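> fold the following for me, if possible:
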Amino acid sequence: MEKIPSGIYMILNRLNGKRYIGSAVNLEGRRKRHFRNLRNGKNGNSHLQNAYDKYGGDAFGWEVLKYVEDPEKLIPWEDIYLGVYWPTGLLYNKCPVAGSLLGIKREKESKETCRKKSEAAFKRWSGGEPNPMLGRHHSAETKQKKREIALKNWADEEYVQRQHDTNPMLWNTKRGEQNHNYGRHASAEAKKKMKEAALKRRMAGERNPMYGRKHSAKTKHKISVALKKSWARRKHAEHLLVLAQLIKILQMRLGRLTAAA
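Prediction:
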């Protein structure tokens, strides 16, 4: 299966220089969905949607800023590009941090709805409200209906594209005959060992060396200083890479303009 390119993209308004920056596991799928939603007036970013309605589709272009092979590095790279462009004031993005809701104001009704959902979820997970299916089983008819719905969903290209975007790690997993354990079954002893190994990795509860203990204020301060230094060095190095790429892009565009003149 051919690997789907992922990376950081930009939607540029050629008339005023403003842009929207985002990241996607499936760049082509994200491009199609963005412009389809813009044409239908359903884009999730109201600033971008309003500008599209005002200037028209011909004013907007798509550009890939950077290809990123590791999906887990998409958000950090998007954060870097947002940090570079945010001070210019030429972004349609509502937040200066990738994957953050900072700066987005909720209406009072929305806050109340979120509070109710949060309380309901807490009750369910804390045992306040048992799972409605506890001790019950789906009938054969219900199972068949769920199966038919699943088959219908996976036959839909848009649904498959959403799975690509939201579950990159699952999508990269080898399944079926490609999996090295295909057709094999683990013994009871092997399952027990795997369970014990997983519990050790989690280091939860009494297995954690810090169980029942707390870091002193001095230790917390040392950890905080060390982490800040580490992130500062990493951010500095990544910013230098981005600036180098931006300079390269500007030089290429300048070369094209010179050649055209």
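> pLDDT on stretch 229-245, on average?
Stretch 229-245 carries an average pLDDT of 74.
> hey, where'd the helices end up in this protein?
Using DSSP state H, the helices of the chain run over residues 27-39, 46-55, 74-85, 108-126, 140-154, 157-166, 168-171, 188-202, 217-260.
> hmm, residue 49 is touching residue 39, no?
No. Residue 49 is beyond contact range of residue 39, at 10.4 Å (criterion: Cβ atoms under 8 Å). (C-beta placed from N, C-alpha, C; glycine too.)
> who has more neighbours out of these two?
Counted by other Cβ atoms under 10 Å, residue 49 and residue 39 do not tie: residue 49 has more neighbours, with 17 against 11.
> where's stretch 54-65 relative to the chain centroid, distance-wise?
Relative to its chain's centre, stretch 54-65 lies at 23 Å (Cα atoms, centre = their mean, to the nearest Å).
> give me the buried positions along it.
60, 65 (16 or more other Cβ atoms under 10 Å).
> let's see the distance spanning it from one end to the other.
Length of stretch 54-65, first residue to last, Cα to Cα, to the nearest Å: 25 Å.
> what of stretch 12-23?
This stretch, stretch 12-23, spans 14 Å end to end (Cα to Cα).
> could you list the buried residues of it?
Neighbour-count burial for stretch 12-23, counted by 16+ other Cβ under 10 Å, picks out 12-13, 18-23.
> give me the low-pLDDT residue ranges for the stretch 151-261 of the chain?
Applying pLDDT under 70 to the stretch 151-261 of the chain flags the ranges 164-176, 201-205, 207, 238, 257, 260-261.
> distance of residue 74 from residue 66?
Look at residue 74 and residue 66: by Cβ to Cβ, to the nearest Å, they are 10 Å apart.
> before we move on, back to that, and the helices of the chain, which is most packed in?
Each of the helices of the chain was scored by mean neighbour count; the highest is helix 74-85, a mean of 19, by mean count of other Cβ atoms under 10 Å.
> tell me the angle of that one relative to helix 217-260?
Angle of helix 74-85 versus helix 217-260, following axes from the mean of the first three to the mean of the last three Cα atoms, to 10 degrees, is 70 degrees.
> mean confidence for helix 74-85?
Regarding helix 74-85, the rounded mean pLDDT is 85.
> related to what we said a few turns ago, now the helices of the chain as a markdown table including distance to residue 5?
Formatted as a markdown table, these follow (distance: least, Cβ to Cβ, whole Å):
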| stretch | distance to residue 5 |
| --- | --- |
| helix 27-39 | 5 |
| helix 46-55 | 22 |
| helix 74-85 | 12 |
| helix 108-126 | 35 |
| helix 140-154 | 22 |
| helix 157-166 | 11 |
| helix 168-171 | 12 |
| helix 188-202 | 32 |
| helix 217-260 | 17 |
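> good, we can wrap up now.
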